[in-house]
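Trainee: Have a look; sequence and predicted model below, questions after that.
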Amino acid sequence: MAAKIPVTVITGFLGSGKTTLIRHLLQNNQGRRIAVLVNEFGELGIDGELLKSCQCSEEDANGNIYELTNGCLCCTVQEEFLPTMQELLKRRQQIDCILIETSGLALPKPLIKAFRWQEIRSGATVDAVITVVDCEAVVNGTFASNPELVEAQRQADDSLEHETPLQELFEDQLACADLVILNKTDLVSHEAKSQVEEIVKKELPRDVKIVSSINGALDSEVLLGWNAAVEDNLEWRPSHHDTEEDHDHDDEITSTHLIFDQSFEPEILQSRLQSLVQQQDIFRIKGFVSVPNKAMRLVMQGVGKRFEKFYDRPWINEEERQTKLVFIGRDLDTSKIKSVIEVGCVVPATT
């Protein structure tokens, strides 16, 4: 019988830096064969595609990234998570560890309870729960960089079984942690960072390690190999939702995506997107951009008014150079979004 596969659960609010942390880990995997489950919101699966670009081979890229899109993972474990884990366990000889990136809405505890199910327990164990904290957001008293989007996604997800003030959700994510990462420390002062650390410590029910990070750049030895067997000591990880009953939700927030066969100058496109945020109730923008005269694919992400962009990989020879963008928000007008963006069009993309 093969040893159990160690599973690391990475939680934290939208925009805290979970995907960036996983990207860095995949790019510095020390030879480990890592499978990733990512809880997406949006039809194009930008986060999943972004993580695939980190894999070492085409086989890894196609076979080790799993996108779970049927609602908040902590509330849909039987629908998508269980069958996916069962498939992974069939490949346990080819996998050294598994990373699960939850959505910003996820309560870690219900997900971890699934590792007590016999179908999973015999083949996998939760190595650790890692909670990523957005230092700048906490300093601003919002916990998430865009609390309106976190709330909106909750209302939009029919599968959710919890309606929670952001502070309680923040506390639950901390209470379940084996390691807390204070991320984006470069965006706050030393005094503000110390303030965030004190806030976090007050919410931790036990002795939990806290480390600092810029862009998720942490050694794999810090993140992996905790051997915490979290599923066996859940009683030490209190939750506001241990006895919570189901709630109903409104379906107000949607996502829409656009695909352009054009290239865009990054600064012009970002300016257009920032104007769209002012015109419409857009909470999150993410996607890939074709840039004229550039062999690399540009990743562009916006949360509220804050945008970031970087080149993640070269365009593949047979790959169609398209600009693909996902928009998450309320009452989105796709045609108006498209018309504003096309004003910034530069040239048709070339293959």
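Mentor: Cool, the structure landed. It should be emphasised that the depicted structure is a prediction, and the values quoted were computed from it without experimental measurement.
Trainee: which stretches of the chain have low pLDDT?
Mentor: In the predicted model, the chain carries pLDDT under 70 at residues 1-2, 40-63, 67-80, 142-165, 241-254, 304-305, 344-351.
Trainee: just the strands in it please.
Mentor: Assignment of strands within the chain using DSSP state E yields the ranges 5-11, 34-39, 65-68, 97-101, 124-134, 179-183, 209-212, 253-260, 262-264, 281-289, 296-303, 306-314, 323-330, 345-348.
Trainee: Mind putting the ones you listed into CSV with distance to residue 239 and mean neighbour count?
Mentor: Any C-beta I mention is one placed from the backbone N, CA and C, and that applies to glycine too. Putting these into CSV (distance: least, Cβ to Cβ, whole Å; neighbours: other Cβ atoms under 10 Å) gives the following:
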stretch, distance to residue 239, mean neighbour count
strand 5-11, 12, 25
strand 34-39, 18, 25
strand 65-68, 21, 21
strand 97-101, 18, 25
strand 124-134, 12, 25
strand 179-183, 16, 24
strand 209-212, 20, 15
strand 253-260, 25, 17
strand 262-264, 44, 22
strand 281-289, 26, 23
strand 296-303, 26, 20
strand 306-314, 30, 14
strand 323-330, 27, 22
strand 345-348, 49, 14
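Trainee: so which of these comes closest to residue 91?
Mentor: Evaluated with Cβ to Cβ, those place strand 34-39 nearest to residue 91, the distance being 7.9 Å.
Trainee: relative orientation of that closest one and strand 97-101 in degrees?
Mentor: Between the axes of strand 34-39 and strand 97-101, defined by axes from the mean of the first three to the mean of the last three Cα atoms, to 10 degrees, the angle is 20 degrees.
Trainee: partners of strand 34-39 in the sheet?
Mentor: Strands that pair with strand 34-39, judged by DSSP bridges, come out as strand 65-68 (parallel), strand 97-101 (parallel).
Trainee: Tell me if I'm right that residue 28 and residue 221 touch.
Mentor: No. Between residue 28 and residue 221 no contact is recorded; they are 10.2 Å apart, counting by Cβ atoms under 8 Å.
Trainee: Show me what residue 210 is bridged to.
Mentor: On the basis of DSSP bridges, residue 210 takes part in beta bridges with residue 180.
Trainee: Look up how far residue 325 lies from residue 332.
Mentor: Summarising the geometry, the distance separating residue 332 from residue 325, computed by Cβ to Cβ, to the nearest Å, is 12 Å.
Trainee: ok, now residue 206?
Mentor: From residue 206 to residue 325 the distance is 42 Å (Cβ to Cβ).
Trainee: circling back: among the strands of the chain, which comes closest to residue 17?
Mentor: The stretch from these with the least distance to residue 17 (Cβ to Cβ) is strand 179-183; that distance is 4.2 Å.
Trainee: for that closest one, packing partners?
Mentor: Secondary structure elements in contact with strand 179-183, counted by 3 or more Cβ pairs under 8 Å, 6 or more residues apart in numbering; DSSP states H and E, are strand 124-134, helix 190-203, strand 209-212.
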